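J.: Here is my input; please provide its structure:
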Amino acid sequence: MEFVIIATVVLVLAMCLGADFVIVPIMFIVFLVVLLLVIFSFFVYSAVKLTGTKSVKGKFVRFGRAEGKKFDTAFYKVSDSEYPNVFPCEVVMRSKIYIPDKVCRLRYDGKRNEVFDLNAVCCVIFGLILSSVSAVMMILFLLTVIGVN
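T.: Sure, this is the predicted structure:
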């Protein structure tokens with residue numbers, strides 16, 4: 001709802017300032033490109049963070065809210081210590097992904113005392129691929145719309 005209000009205000013301001021009506025869809029596409037680049041940057045950051053981890057084995061223990069996080073995450077026990085997963089826990093397939101006392105491979109981030117489970121690693125990989133392709137496609141579409149050869 002807030003997005004519709006913001007878009008309406010921007011549209012009215014653009015029209016009051018004498019902008020051509022054709023510029024509004026271009027402004028929307030630019031907004032989408034910026035949003036996709038921010039998402040891509042997040043996945044690049046996560047991938048760089050993932051490369052600095054080491055492989056460990058751990059067991060799923062519980063769900064809970066990690067310190068400083070605003071979402072529920074899975075906690076894993078690695079060498080008598082509990083570590084939260086980096087990403088929020090999956091809600092839909094919770095019983096299939098998080099199996100108690102099953103030993104699983106994790107990626108441990110020693111700087112932040114967090115782990116990447118297989119779900120988080122897949123999210124980073126697929127998110128990086130999909131966000132990069134989406135951003136490139138939107139940039140090419142924007143260049144086509146504005147007529148850059």
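J.: Tell me the buried residues in the longest strand along the chain?
T.: The longest strand of the chain (DSSP state E) is strand 54-65. Neighbour-count burial for strand 54-65, counted by 16 or more other CB atoms under 10 Å, picks out 56, 58, 60, 61. In this view, the C-beta of every residue, glycine as well, is placed from N, C-alpha and C.
J.: Please name the spatially closest residue to residue 135 (chain neighbours excluded).
T.: Distances taken as CB to CB, 6 or more residues apart in numbering put residue 36 closest to residue 135, at 4.1 Å, once the chain neighbours are dropped.
J.: residues touching residue 84, list them.
T.: Counting by CB atoms under 8 Å, 6 or more residues apart in numbering, residue 84 touches 64, 66, 69, 73, 74, 75, 76, 114, 115.
J.: Count the neighbours of the second one for me.
T.: Spelled out, that is residue 66. 19 (other CB atoms under 10 Å).
J.: I figured it hits residue 74, correct?
T.: No: taking CB atoms under 8 Å as the definition, residue 66 is not a contact partner of residue 74, at 9.7 Å.
J.: tell me what the longest strand of the chain is packed against?
T.: strand 72-78, strand 81-84, strand 103-109 (3 or more CB pairs under 8 Å, 6 or more residues apart in numbering; DSSP states H and E).
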